[in-house]
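K.L.:
How does the following fold in three dimensions:
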Amino acid sequence: MKVKDIRELSAADLAVKAKDLSEELFNLRFQHGIRPLENPAKIRLLRKDISRVKTILTEKSRA
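P.N.:
Got it, this is the predicted structure:
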């Protein structure tokens, strides 16, 4: 997910996006515990996307 696209979202949309990404990360970790993932790098990408969304959400709340 690009930072440019994230910055265009409202604060409410960012909160929803962070929640959705966190749920997806949980599901991937759960699946990884049961069997190996086809693309284990997706876990790292999701963690970075969550961090991007939370960082921009914090920036918007302070401004």
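
K.L.:
Identify the residue nearest residue 49 in space, chain neighbours excluded?
P.N.:
Nearest non-adjacent residue to residue 49, counting by Cβ to Cβ, 6 or more residues apart in numbering: residue 1, 4.9 Å away. C-beta coordinates here come from the backbone N, C-alpha and C atoms, glycine included.

K.L.:
Number of residues surrounding that neighbour?
P.N.:
Residue 1: 14 surrounding residues under other Cβ atoms under 10 Å.

K.L.:
And residue 27, by the same measure?
P.N.:
For residue 27, the tally of surrounding residues (other Cβ under 10 Å) stands at 11.

K.L.:
again, but for residue 46
P.N.:
19.

K.L.:
so which helix or strand takes in it?
P.N.:
helix 41-62 (DSSP states H and E).

K.L.:
Please report the distance of the most centrally placed residue in the chain from residue 26.
P.N.:
Geometric centre of the chain, nearest residue: residue 50, 2.8 Å, by Cα atoms, centre = their mean. Residue 50 is 11 Å from residue 26, where distance means Cβ to Cβ, to the nearest Å.

K.L.:
Check whether residue 17 really touches residue 53, as I assumed.
P.N.:
Yes. Judged on Cβ atoms under 8 Å, residue 17 makes contact with residue 53 at a distance of 5.3 Å.

K.L.:
residues touching residue 13, list them.
P.N.:
By Cβ atoms under 8 Å, 6 or more residues apart in numbering, the contact set of residue 13 is empty.

K.L.:
Would you confirm that residue 43 contacts residue 25?
P.N.:
Yes. When contacts are counted by Cβ under 8 Å, residue 43 is listed as touching residue 25 (6.8 Å).

K.L.:
Verify the stated contact: the residue nearest to residue 49 with residue 52.
P.N.:
Yes. Shown here, residue 1 and residue 52 form a contact pair, counting by Cβ under 8 Å, at 6.8 Å.

K.L.:
and residue 39, which of the three is it?
P.N.:
coil (DSSP: H, G, I helix; E, B strand; the rest coil).

K.L.:
how about the longest helix seen in the chain: buried residues?
P.N.:
Using DSSP state H, we find that the single longest helix of the chain is helix 11-34. When burial is assessed from 16 or more other Cβ atoms under 10 Å, helix 11-34 yields the following buried residues: 14, 17-18, 21, 25, 28.
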